[in-house]
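Participant: Got a predicted structure plus its sequence, pasted below:
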Amino acid sequence: MKLFLISIGSIFCLILLGWVFAANDLAMASVFSPKLEQVRRTTFENSKAYNDGMIQELRAMQFEYIKADDKHKIALASVIKHRISGFPETNIPSDLSDFIRSLP
């Protein structure tokens, strides 16, 4: 009987220990996951590939804007302004920056 109670107590302790580890893992993830994602995002936004890709995309939009008729220019200007909103102005070449400032 004593062995049975010790076995049941051991199983209960193992289950309780599993719950504690799971709760600790959840608490650690809730604290550190947002910070880790912010570091990843900052690293991505400062990468050469992201900056070069954004400038290339803006140049393509500039070309489309120049080719477009008056109705489409309004829509394209809105898209370009929205796309550029979170991008640092210091990373934009001066000719492209002048174009963006000239948009209606």
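Facilitator: Cool, the structure landed.
Participant: Next one: the residue positioned nearest the centre of the chain relative to residue 22, how far apart?
Facilitator: In the chain, the C-alpha nearest the mean C-alpha coordinate belongs to residue 41, at 4.8 Å (CA atoms, centre = their mean). Going from residue 41 to residue 22 by CB to CB, to the nearest Å gives 28 Å. In this view, the C-beta of every residue, glycine as well, is placed from N, C-alpha and C.
Participant: Quick check: next helix or strand after the longest helix seen in the chain?
Facilitator: Counting by DSSP state H, the longest helix found in the chain is helix 2-45. Next helix or strand after helix 2-45 toward the C-terminus (DSSP states H and E): helix 48-67.
Participant: and the helix or strand just after that following helix, what does it pack onto?
Facilitator: Counting by DSSP H and E, the next helix or strand C-terminal to helix 48-67 is helix 70-84. Helices and strands touching helix 70-84, by 3 or more CB pairs under 8 Å, 6 or more residues apart in numbering; DSSP states H and E, are helix 48-67, helix 94-101.
Participant: list the contacts for residue 54?
Facilitator: Shown in contact with residue 54 (CB atoms under 8 Å, 6 or more residues apart in numbering): 87, 91.
Participant: and this structure, what are its domains?
Facilitator: Residue ranges for each domain of the chain read 1-46, 48-101, as given by automatic domain parsing.
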